[in-house]
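Asks: Got a sequence here, can you build the structure:
(chains A and B)
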Amino acid sequence: MIPFSLVIVLFPGSCHQQFVAFAHADHTLSHGIDGLLGTRNSPALFNIAWYPSFMWDGGVNHLEVQPLAPIANPVEMDESIANVIVKLQRSLTYQAMYQSAFGTDSVTTQLTMRALAQFMGSMISANSKYDKYREGKGALSSQELNGLQLFRTHCESCHAEPLLTDMQFRNNGLDNTFDSDPGRAKITNLPQDSGLFKVPSLRNITLTYPYMHDGRFQNLGQVLDHYMSGIKQSTTLDPLLSTGGISLNPQEKSDIISFLETLTDQKFISDKRFKEVQ
Amino acid sequence: MKKINILLAMLSVAAITFTSCKDDKDDTSNSGPAQPGTVTLDLTNVAGTVNVDETGATSYTNSSGESFTVTKLKYYISNVRLLNADSVVYSLPDGYFFVDESNQASTKLSFPNVPGGAYTSIKFTLGVDSARNVSGAQTGALDPANGMFWTWSSGYIFYKLEGTSPAATGGITYHIGGFRDANNTNAIREVEVDFMGSSLQVDGSREAEIHVLADVLKVFSTPNTISIASINFQMSPGGNALLIADNYAQMFSFDHLHNDH
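Replies: Alright, predicted model coming up:
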């Protein structure tokens, strides 16, 4: 097992902070070195071993090559993987760790990416109040239960249980022009994918603000307001939203938020195995 | 004693044979079946009639009359196969080769233990098959540290040409790749180079070198005319990348065989 310190070298906790479920608090758009702001919000990191693709546009097709993207992005780490590997190769500590994990002290890109993939795959969040309720080991309040019922009616078709995402790409009506960020179409070149982004998991959602691929909403109330009255029509708008928004009264809105709060996994965000090495 | 004399005579004949230099030697005078041997594919990057100078110091002119220099030239070759006169295919193992003009050793691809016999053409793929584009972190020639992997949209850059040109501020940046038929981004191209009537004799320690030229001028001209003024920057799959891919499929041509005893 490669210790987390390897991850820290490549994958700094300053972008994916444990106390917010490995998302990035404090900034709408995640920033990298030199204070440059990116165009997209850092996604939270958990349960990604189940994902068929990564990033908001699904551009990364395998967990082992996921870490290459932020390393090479000039607004993120602006580092080349070749330099990173050279740095690791110079370290006797890492040589010893590679020897114990892989039976060789030769530090390669492939082994490094595999170590990171193993680590990221081990980041599993499945100990929320909602999980205990599903396992029959805990109860939800009547308001939370009502919220769950409303969630299953209005939200679950995309935020599918139990991962709380169907891992598909959808246009949820944020915009009606997509020139600044075509989303999935940037990867597929298909016009029908314009404005589509990966449906994010809602686990730990109260921690992972701001919301949406560009971080435009600061709180869950604004997110629900969008689905209630902010949907913008376009040719690629998801059919599930094309009949207009979700209809909720103020009590129902508050019930859904109350349910969403049960998705926070305190055990995960305090797990010492994932703690940043000082 | 008589026996030893005969042996010496035979050895001296052999020595004469080994020191003679004959290209495109077709005869297989020694008896017995041809033995397995090493085949070398020697690629020379050229611009028309001259070798490519990757320092950027030499200017070339493309078919649109535009002057340009080359500062980077790299590509992937894979799935190399030899064909005999009956079109029987021998697939050469050890699949992926990163050909980098800045590392001349990488332009000579060596294949040991090729079955003995006569071969009349070579086939290979320019690019990396789709399976390797979706199978996580690779090593060796396919190590992402070679700078031939798109990190924002997983997949290999098959062909990289960079240079300068007065026709475009910012110069030439062609990073060509893409492997998905469904998205119409497939830039993987099959290449066959025929030995023009000669045949490559593989037989034990006999030298067997195939010399192939890769002409950068054709990347601008054949079959699609690519002017630097209209396309100087292509760094994603699809669209113009496919026009350039159709051209790099045509850039290879047979030069000669080295086939000495």
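Asks: and the helix or strand where B:His175 lies, what other elements does it pack with?
Replies: Using DSSP states H and E, the element containing B:His175 is strand B:172-177. The contact analysis (3 or more CB pairs under 8 Å, 6 or more residues apart in numbering or on different chains; DSSP states H and E) places strand B:172-177 against strand B:155-163, strand B:233-234, helix B:240-248. No exception for glycine: its C-beta is placed from N, CA and C like everyone else's.
Asks: how does it look with 6 Å?
Replies: Helices and strands touching strand B:172-177, as assessed by 3 or more CB pairs under 6 Å, 6 or more residues apart in numbering or on different chains; DSSP states H and E, comprise strand B:155-163, helix B:240-248.
Asks: near chain B, which residues of chain A show up?
Replies: A:59-62, A:64-65, A:68-69, A:72, A:81-82, A:85, A:108-110, A:113, A:187-189 (CB under 6 Å from any CB of the partner chain).
Asks: Would you mind telling me which of the helices and strands packed on strand B:172-177 is nearest B:Ala229?
Replies: helix B:240-248 (13.2 Å; CB to CB).
Asks: mean confidence score for that closest one?
Replies: Average pLDDT, helix B:240-248: 97.
Asks: again with stretch A:93-113
Replies: The average pLDDT within stretch A:93-113 is 93.
Asks: for that stretch, how far is the first residue from the last?
Replies: Chord length of stretch A:93-113, first to last residue, is 17 Å (CA to CA, to the nearest Å).
Asks: Buried ones in it, by neighbour count?
Replies: Residues of stretch A:93-113 classed as buried: A:94, A:97-98, A:101-102, A:107-113 (neighbour count, 16 or more other CB atoms under 10 Å in any protein chain shown).
Asks: now do stretch A:220-230
Replies: Buried, per 16+ other CB under 10 Å, within stretch A:220-230: A:220, A:223-224, A:226-228.
Asks: Quick check: closest non-adjacent residue to B:Phe149.
Replies: Leaving out its chain neighbours, the residue that sits closest to B:Phe149 by CB to CB, 6 or more residues apart in numbering or on different chains is B:Tyr156, at 5.7 Å.
Asks: neighbours of the one you found, just the number please.
Replies: When neighbours are defined as other CB atoms under 10 Å in any protein chain shown, B:Tyr156 has 26 of them.
Asks: from the stretch 101-250 of chain A, which residue is nearest to chain B?
Replies: Residue nearest to chain B within the stretch 101-250 of chain A: A:Met113 (3.5 Å; CB to the nearest CB).
Asks: which ones are touching that residue?
Replies: Residues in contact with A:Met113, defined by CB atoms under 6 Å, 6 or more residues apart in numbering or on different chains, are A:64, B:137.
Asks: Mind telling me what element it is part of?
Replies: Assigned by DSSP H and E, A:Met113 falls in helix A:109-121.
Asks: Can you give me the buried ones in the next helix or strand after that helix?
Replies: Per DSSP H and E, the first helix or strand lying C-terminal to helix A:109-121 is helix A:129-134. By 16+ other CB under 10 Å, the buried positions in helix A:129-134 come out as A:129-131, A:133.
Asks: Which neighbouring elements make contact with the next helix or strand after helix A:129-134?
Replies: For helix A:129-134, the following helix or strand on the C-terminal side (DSSP H and E) is helix A:142-154. For helix A:142-154, the packing partners by 3+ CB pairs under 6 Å, 6+ apart come out as helix A:250-260.
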